[in-house]
Structures are given as structure tokens and as C-alpha cells.
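A.B. asks: mind folding the following:
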Amino acid sequence: MTSAQPLDPTHMKRNTLSRRSFLASSLAAAGASGASGILRAADETTEAALPPAREYYELTLYHLRRGPKQKIFDAFMRQAAIPALNRAGIGPVGVFNVMTGPDNPTAYVLLPLKSPDGILAAQHRILADPDFQTAGNEFLAASPDSPGFVRAESSFMIAFEGMPKLEIPAATEGNKPRIFELRTYESHGRRANIKKIEMFNNWEIALFRRTGLAPVFFGETLVGQRLPNLTYMLTFENMAAHDANWATFASDPEWKKLSSMPGYTDPEIVSNISNVFLRPAPYSQI
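C.D. replies: Predicted coordinates for the structure are as follows:
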């Protein structure tokens with residue numbers, strides 16, 4: 001089985017027009033007066049049959065320097081970048097700091113997008129936003145010998161069919177305590193990567209939810225490092241809840257059966273797993 005490709009709108013439109021023509025000619029022959037109502041019903045049936053639109057995600061790692069530049073980065077994100085992104089139609093914006101993981105200090109910024117070109121359109125709007133330029137001037141005008149960050153690395157993903165949209169944790173409201181685990185599964189080849197995505201879509205996401213693991217997003221990496229891979233994020237109240245929920249999942253009979261199915265075992269389809277523990281910035285919208 002291969003992963004589903006985004007639907008071709010031209011093909012969909014052609015099918016819809018063909019169906020309209022067939023219905024219209026049939027009804028005209030019968031002299032039916034209710035043709036328009038039936039045609040509307042046909043289109044509504046088509047729309048209802050379409051799967052939910054899948055989001056896209058840009059995940060950027062900003063490698064920072066210890067010291068005052070960290071505060072300048074936070075001020076830029078809080079006062080300039082997030083408001084401008086929201087005005088450009090992008091949100092919620094997640095900003096996370098590393099609890100446990102490599103290259104600390106590093107800030108992770110997660111942007112959910114409605115289309116692949118969403119970030120490009122947003123960048124044009126943001127760069128023309130005078131409020132963004134004013135609020136972010138200290139960061140934007142940093143000199144070469146004192147940059148706002150050391151470097152940035154981005155990956156671009158499409159949401160899984162089994163979880164087509166990002167889910168904001170309930171604890172985000174009121175900025176309640178919460179932590180996040182960001183996990184990346186690499187595969188030795190594209191077929192193996194597709195198998196692991198299939199495993200999540202068909203069974204594992206539902207099993208996560210049933211055993212208390214709360215997902216934020218699942219993404220198939222289209223552009224990035226260490227390809228092919230997939231990345232997902234889970235949220236927990238604290239590390240004690242993290243350990244308890246993962247223990248429940250690992251001991252679940254359905255998981256034990258699923259993880260031993262031929263074609264779906266880790267040695268066959270997963271070559272490496274890496275994870276990072278994150279805390280949300282106080283102004284994060286996720």
C-alpha cells in the first residue's frame with residue numbers, strides 16, 4: 001500500500017462537471033423542474049465524501065547563543081513574529097524551549113499551514129507589515145558580529161491522513177503546566193517509511209488516544225534532514241504522566257500484537273528514533 005496523495009482538484013472538477021452534464025441531460029429529457037435542487041444535492045454528496053483537508057507544518061530550529069540574545073529572540077517572537085503571523089492567517093504558533101536534548105539553547109517554532117505555499121504568501125504579507133518591522137526592529141537589525149541567532153534549520157511536513165489537523169492541548173488555555181515530546185522516526189527507505197505511516201494511520205494513532213497518549217500533530221517530512229522520516233508531537237502534564245502513559249501503551253495487548261505483525265516490526269521499517277523534550281514558551285499558542 002502506498003500513502004495517499006493529495007487529491008487533484010482538476011480531476012475532481014472534471015468528474016463533477018461530467019456528473020452535472022449527465023444529470024442535467026437526463027432531467028431535461030424528463031422536463032424536470034427540480035433539476036437545480038438535485039444538482040446541488042449531487043455536489044453536496046461529493047463534498048461530503050471528500051476526506052478532511054490535510055494541513056502542512058513548518059518546523060524550524062533556531063540555534064541561539066546563551067546570554068542576552070535569548071531574551072531578544074523571545075521578545076521578537078512574542079511582540080513581533082507571532083502577532084504578524086496571526087494577522088497573515090497563520091496560527092496557532094508554537095514556540096518551545098529544549099528541556100532535554102541536543103544543542104541547547106535551541107528554540108523550536110511550529111507553524112501550521114493550510115497549503116504548501118502558505119508560508120511564502122505569509123512572508124510577503126509580514127515583510128510589508130509596518131507593525132512587524134517596528135516591533136521586531138532590534139532583532140531584524142542585528143549586526144553580523146552580534147546576530148539574533150546562530151543558524152536556523154527547517155523541515156516541511158504534510159499532516160497524516162489519520163490526523164489531518166493539529167490539536168491544541170487543553171492545558172494551553174490558561175497556560176497551564178505542560179510538556180511536549182517531539183519524536184522523529186527515520187526509515188532505511190521510502191517503502192519502509194510509507195509502511196510506518198500506514199501503521200499510524202490505520203491503528204497506532206487510535207491506540208495512542210485509547211492509552212492516554214495525547215498527540216498534537218503527525219507529519220510526514222517532505223523537505224528536511226535525515227530523510228525519509230516522520231515526526232510527531234505528544235503532550236503531557238509532566239514527566240510522571242509521560243512515563244505512566246507510555247508504560248500503559250507499551251503493555252497494551254493490541255500494541256504487542258500490532259508491533260509483532262510481519263511487515264510492521266521496528267527492525268523492518270524503523271532505522272532510528274530520536275526524541276526531544278520541550279517546554280512551551282510563556283507566549284506559545286500551543
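A.B. asks: what about Tyr108, helix or strand, and which?
C.D. replies: Following DSSP states H and E, one finds Tyr108 within strand 106-113.
A.B. asks: what mean pLDDT does that strand get?
C.D. replies: The pLDDT scores in strand 106-113 average 96.
A.B. asks: tell me which stretches of the chain form helices.
C.D. replies: Counting by DSSP state H, the chain has helices at residues 9-30, 35-49, 68-76, 82-87, 118-127, 130-135, 137-140, 190-199, 205-210, 239-250, 253-259, 266-269.
A.B. asks: ok, Ala88 touching Ile126?
C.D. replies: Yes - with contacts counted by CB atoms under 8 Å, Ala88 reaches Ile126, the gap being 5.6 Å. C-beta coordinates here come from the backbone N, C-alpha and C atoms, glycine included.
A.B. asks: which neighbours do the two have in common?
C.D. replies: Common contacts of Ala88 and Ile126 (CB atoms under 8 Å, 6 or more residues apart in numbering): none found.
A.B. asks: any chance you could list what contacts the strand holding Tyr108?
C.D. replies: Outside strand 106-113, the residues within contact range by CB under 8 Å, 6+ apart are 55-64, 73, 77, 85, 90-98, 119, 122, 165-166, 182, 217, 233, 276, 278, 281, 286.
A.B. asks: now the most centrally placed residue in the chain. Nearest residue, chain neighbours left out?
C.D. replies: In the chain, the centroid-proximal residue (CA atoms, centre = their mean) is Tyr57; its distance is 4.3 Å. Nearest residue to Tyr57 in three dimensions, chain neighbours excluded: Met157, at 4.5 Å (CB to CB, 6 or more residues apart in numbering).
A.B. asks: and Ala281, by the same measure?
C.D. replies: Closest to Ala281 by CB to CB, 6+ apart is Val95, at 4.1 Å.
A.B. asks: ok, Asp252 to Glu167 distance?
C.D. replies: 21 Å (CB to CB, to the nearest Å).
A.B. asks: the residue nearest to Ala281 contacts Tyr283, doesn't it?
C.D. replies: Yes - here Val95 reaches Tyr283: they are 6.8 Å apart, a contact under CB under 8 Å.
A.B. asks: more neighbours, the two?
C.D. replies: Val95 (23 against 14; other CB atoms under 10 Å).
A.B. asks: OK, contacts around that one?
C.D. replies: Neighbour list for Val95: 77, 82, 107-110, 280-281, 283-284 [criterion: CB under 8 Å, 6+ apart].
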